[in-house]
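In: compute the structure for the input listed below.
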Amino acid sequence: MAPLVEFHPLASDEAVAGQEWYFEIRPDLAEAFEVELIRAIERVAASPGRWAPHLHGTRAFMLHRFPYFIVYRQMDEVVQIVAVQHAKQKPGHWVSRIEAD
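Out: Below is the predicted model of the structure:
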């Protein structure tokens, strides 16, 4: 059974912002971004230990078509999506999200 997936609220905001940005360019890109993001999260949830270690005890999954990483960590039976990070953002901009735990 795959672990439960939860989004840090700011990671959810980042996903929405990315989708809105693509919508402004072309609505079909926004839909494609959402589909790829959902599929990536499903893959991460199915096998969270599969992707390479990232920063501060997290792992990262790079989307194929879009320049975004899903930064996540496994916590017992939960996979927490810490950030939906654009590849040009400063690595680790999200660290304060996990330091509070």
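In: the most centrally placed residue in the chain - nearest residue in space that isn't next to it in sequence?
Out: Centroid-nearest residue in the chain: Ile70, 2.5 Å away (criterion: C-alpha atoms, centre = their mean). Distances taken as C-beta to C-beta, 6 or more residues apart in numbering place Phe61 nearest to Ile70, at 4.5 Å, with adjacent residues excluded. The C-beta positions use only the backbone N, C-alpha and C, and glycine is treated the same way.
In: for the chain, which spans come out with low pLDDT?
Out: With pLDDT under 70 as the threshold, the chain has low-confidence stretches at 1-2, 100-101.
In: show me the longest helix that occurs in it.
Out: helix 27-46 (DSSP state H).
In: quick check: buried residues in that helix?
Out: Leu29, Ala30, Phe33, Glu34, Leu37, Ala40, Ile41, Val44, Ala45 (16 or more other C-beta atoms under 10 Å).
In: need the max-distance pair from those.
Out: With distances taken as C-beta to C-beta, the most widely separated pair in those is Leu29 and Ala45, at 24.4 Å.
In: show me where this protein has strands.
Out: Assigned by DSSP state E, the strands in the chain fall at 4-7, 59-62, 68-75, 78-86.
In: mind checking which of those strands is nearest Ala17?
Out: For Ala17, the closest of the strands of the chain is strand 78-86, at 8.5 Å, according to C-beta to C-beta.
In: picking up where we left off before, correct me, but the residue nearest to the centre of the chain touches Val84?
Out: Yes: the pair formed by Ile70 and Val84 meets the contact definition of C-beta atoms under 8 Å, at 6.1 Å.
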